[in-house]
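Enquirer: Predicted coordinates and the sequence they were generated for:
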Amino acid sequence: MNIMKMMKQASDMQHRIETMQAELAGKEIEFTSGGGKVSVTARGDLSISKIRLDPQVVDPGDVELLEDLVLSAVDGALKAARELSAREMEKITAGLPLPPGMKLPFG
């Protein structure tokens, strides 16, 4: 394979990755716990954009339960955002021969 062609393909892929990352930052994934009492919304760039608590779950006598529900919802939202990101990355890197275990972007 010609080195110039490989460099062009790498440059094109980098541009597609940057575009995908910008698009992912605008996508939101919601995850709930406690039967919908706690809701966390994450963006595709793995940032948290919103946390909603049903007033019924806010019990000063049981802060530990609320903490567990929030943690569960945050963990679920971030997991869903990572999965979304991985699916989008697979679309870009489809057919690219990468060594086993290597993931993009590299940095």
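Expert: Perfect, I can see it now.
Enquirer: neighbours of the nearest residue to residue 38 once chain neighbours are set aside, just the number please.
Expert: Nearest non-adjacent residue to residue 38, counting by C-beta to C-beta, 6 or more residues apart in numbering: residue 69, 4.2 Å away. Quick note: C-beta positions are derived from backbone N, CA and C, even for glycine. By other C-beta atoms under 10 Å, the residues close to residue 69 number 21.
Enquirer: what distance separates the lengthiest helix in the chain from the middle of the whole chain?
Expert: Using DSSP state H, we find that the single longest helix of the chain is helix 63-93. Distance of helix 63-93 from the chain centroid (C-alpha atoms, centre = their mean, to the nearest Å) equals 6 Å.
Enquirer: in it, what counts as buried?
Expert: Using 16 or more other C-beta atoms under 10 Å as the test for burial, helix 63-93 gives 66, 69-70, 72-74, 76-78, 80-81, 84-85, 88-89, 93.
Enquirer: What of stretch 15-35?
Expert: Using 16+ other C-beta under 10 Å as the test for burial, stretch 15-35 gives 17, 20, 24, 29, 31-34.
Enquirer: surely the residue nearest to residue 38 meets residue 58?
Expert: No. Between residue 69 and residue 58 no contact is recorded; they are 10.4 Å apart, counting by C-beta atoms under 8 Å.
Enquirer: Go through stretch 41-61 and flag the buried ones.
Expert: Buried-residue list, stretch 41-61, by 16+ other C-beta under 10 Å: 41-44, 53, 57.
Enquirer: Could you pull up the mean pLDDT of stretch 47-54?
Expert: Average pLDDT, stretch 47-54: 94.
Enquirer: Partner strands of the helix or strand hosting residue 31, with direction?
Expert: Per DSSP states H and E, residue 31 falls inside strand 28-33. Taking DSSP bridges as the criterion, strand 28-33 sits next to strand 38-43 (antiparallel) in its sheet.
Enquirer: So residue 36 belongs to a strand, correct?
Expert: No. Under DSSP: H, G, I helix; E, B strand; the rest coil, residue 36 falls outside any strand and is assigned coil.
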